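Engineer: can't give you the sequence, but here's the structure:
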């Protein structure tokens, strides 16, 4: 045996461990001590057993394993002396818990010690049993503990009561054995025994209805007398704390009375007087008094109805709100939130104090007070409370504005007495904290504005004024841009003036300035800029414009001659036309400016809207006419989650598609191309349906030439066919030749869809003005004979798309004997530490390609590249191997959309892939 280490005293080991400068040195000391202790245990050293166990307890508190010393605890407990038993029981409570099987070996020793003649050893056994008692031990030792509740020494009775609490919590079936002994403890004069007896009765009431009824009938009055004696007791130095006699006993008595009075009118009546006495006589200038008052208030709010007592209790909580201690104010706010369901009118009297708590410097008090104010709001006080909250919103901290804004918006939406007040308050919130407003809030505001037809002019003028002062608030800018696009003519002409507002002088140039600022602002995101472009398109047809008529007079070939023509109609008319022309040209310049935008969404919208302005003035007014009134009920139901996020435009049942499945559905296609959210569809009488209005395409059937098989299709079919989405069969060479035959009619359905396809996928343009759009889109050249293909070519992997969060890699393969078909294996890798859920990949290709997507391997993408999702794509290139004039066959072009959720937040990424190998 290593005598040096085994004989080391506990204090010397502690000193050696504290002297260690590094964790490695500490581990070395602990290892040596543990090795010496193991050696001592193996040699059954009786002299140092208690010292070794004391060392093990200290080592255990440092976090090192000490399971090898558990049996030493049992040996010390079995010893005859008190010092050894004390160390053994202390080790038992520290080194073991109720889940250890070895604990069953100590049951017999505990039973012997509970019956020991030495009361100190009995106390040790009760302490150990109260800390580590398991259900099996509770059943075996409950009779001994029950007997000790009548022991002569008060300390043993107190420890037995605490041990009984542990027993009935572990085995509630044993509660009935402790009812009478516990009730006897309520008559004790010793405060320590009385407190533990009250706690035992409180736990018995929770687990046993029989005990609850017994104590209600037999001991309610006795407990009331006990509390009255404590309240009126003279000064006793032994129990006095801050001038209050035994506040701990006060609190325990009030908790037991609360359990007895809850749901029982007779017991509640018996304790009303003493509760009123406690509430009025207890001093509130010390923490001990505040603790008693808090328990008294909670008891009053829990027992059966007594209006006067509840008003008194709520007034006490009102005093708590004026306390300088943050903890007292916080518990008062918590209690008021419970009290408001019982007596809201009494809580309303303290509304001003609660509002002051909303402005507190402590974040937890601010949030709790805000939740309480939200519960206080009703139809009668919504206006003053909302005014106070909005006034505070101006000066509140940035960290608190999010919660405050959410509550204000919810209050305004829930309790709004009239629409004009709702709009006014929402505009104030947007002007002060628009960047903190969630999307569904300003969406709801637009729905309300749409339904308030008599307030359109008032709203657009208010938004115009708010924009002038708060253009940095994103949500305000979006609502303003939408309303200006819809009701810009009302803004300029002061339509719908109300008596409460002043007229405002706004020119068409001022209106365009607002939209242009929204587009060019550095903080504007994609959604805001896209909404601004749509607003410009709407404004181009909102005002009575002679410029459209000027530029659409077919009989006058020259613009200058046209202007002279109108000059003879009057100078004012001429100047008005010049002004309108400048207005239209400025709108067009702003839209055209984004044709070269690096953001694909803005570039596409710019090209489409420019095409509408230049080539399709005859349908522009129909395309951008005022939106119909939005259905508030449908929007509210959708917000509540009863409807899916998107409704199919086909009017049929919505499709529940697997991951990556592409069906020939109009709603899915329009969603993939971002057409449904850009410009609202207007009703049209032409056969092209909503796509004609949406894209500015004349979808009337073109006249067929003799000998040409021309299939007439609706607008939806044309667009579907162009993108080759769905289960369309590969067309034969003769059918392809027929479809791609030259079309001389300038109103071809395909002629104006050049904005949908990337420029890299188009052939060289011809110089003829009439043939250019047709040749650009259809590449209608005579196909040359196909070249023999090498099906054994190996294509290197392609990183098709990579962002900060996602990487897409394509691997290519060809089917032998069928070079037109390319099998693409898409591999998706997550580059972030967050897991992607509900992962969906969608793709669209031009007309000369056919695309089929197989289901993805999963819809959950693991984080940090620890796994991937794979999906097979089959691309059929009908133009593969064909040569048109000096150009080789067209390569694959694909537009993709990837949607997924990060922490239940929707994320969308889009990309256009143009770098496919040329010979695919």
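Structural biologist: Cool, the structure landed. None of the values given here were measured: they were computed from a predicted structure.
Engineer: so residue 854 sits right up against residue 841, yeah?
Structural biologist: No - in this structure, residue 854 is not within contact of residue 841 by CB atoms under 8 Å, at 10.8 Å. For glycine as for every other residue, the C-beta is placed from the backbone atoms N, C-alpha and C.
Engineer: who's more crowded, these two?
Structural biologist: residue 841 (21 against 16; other CB atoms under 10 Å).
Engineer: next one: that one relative to residue 397, how far apart?
Structural biologist: Per CB to CB, to the nearest Å, residue 841 is found 42 Å from residue 397.
Engineer: likewise residue 479?
Structural biologist: 25 Å.
Engineer: neighbour count: those two, which is higher?
Structural biologist: residue 479 (28 against 10).
Engineer: ok, now how distant is the residue lying closest to the more buried one once chain neighbours are set aside from residue 364?
Structural biologist: Distances taken as CB to CB, 6 or more residues apart in numbering put residue 442 closest to residue 479, at 5.3 Å, once the chain neighbours are dropped. Taking CB to CB as the measure, residue 442 falls 29 Å from residue 364.
Engineer: neighbour count: the two, which is higher?
Structural biologist: Taking neighbours as other CB under 10 Å, residue 442 and residue 364 compare with residue 442 leading, 21 against 13.
Engineer: domain ranges for the chain?
Structural biologist: 452-640, 643-781, 798-913 (automatic domain parsing).
Engineer: averaging pLDDT over each of those domains, which comes out lowest?
Structural biologist: The stretch with the lowest mean pLDDT among these is domain 643-781, at a mean of 38.
Engineer: three-state assignment of residue 380?
Structural biologist: Secondary structure, DSSP: H, G, I helix; E, B strand; the rest coil: residue 380 is coil.
Engineer: same question, residue 146
Structural biologist: From three-state DSSP, the assignment for residue 146 is helix.
Engineer: does it touch residue 179 like I think?
Structural biologist: No - using CB under 8 Å, residue 146 makes no contact with residue 179, being 10.6 Å away.
Engineer: on that earlier part again, contacts for the helix or strand harbouring the residue nearest to residue 479, please.
Structural biologist: Residue 442 is part of helix 439-451, with elements assigned from DSSP states H and E. Residues from elsewhere that reach helix 439-451 (CB atoms under 8 Å, 6 or more residues apart in numbering): 409, 413, 419, 422-423, 426, 430, 455-456, 459, 475, 478-479, 482-483, 627, 629-630, 632, 635, 639.
Engineer: and the strands in the chain?
Structural biologist: Assigned by DSSP state E, the chain shows strands spanning 240-241, 244-245, 798-802, 806-815, 818-830, 836-844, 849-853, 868-877, 894-902, 905-913.
Engineer: so what are the sheet partners of the fourth one and their directions?
Structural biologist: Just to be clear, that refers to strand 806-815. Counting by DSSP bridges, the strands paired with strand 806-815 are strand 798-802 (antiparallel), strand 818-830 (antiparallel).
Engineer: between the longest one and strand 868-877, how many degrees?
Structural biologist: Using axes from the mean of the first three to the mean of the last three CA atoms, to 10 degrees, the direction of strand 818-830 lies 150 degrees away from that of strand 868-877.
Engineer: what's the angle from strand 818-830 to strand 894-902?
Structural biologist: Using the same axes, to 10 degrees: strand 818-830 against strand 894-902 is 30 degrees.
Engineer: now what about strand 818-830, what contacts it?
Structural biologist: 730, 789, 791, 800, 805-815, 836, 839, 841, 861-865, 867-878, 880-881, 892, 898, 920.
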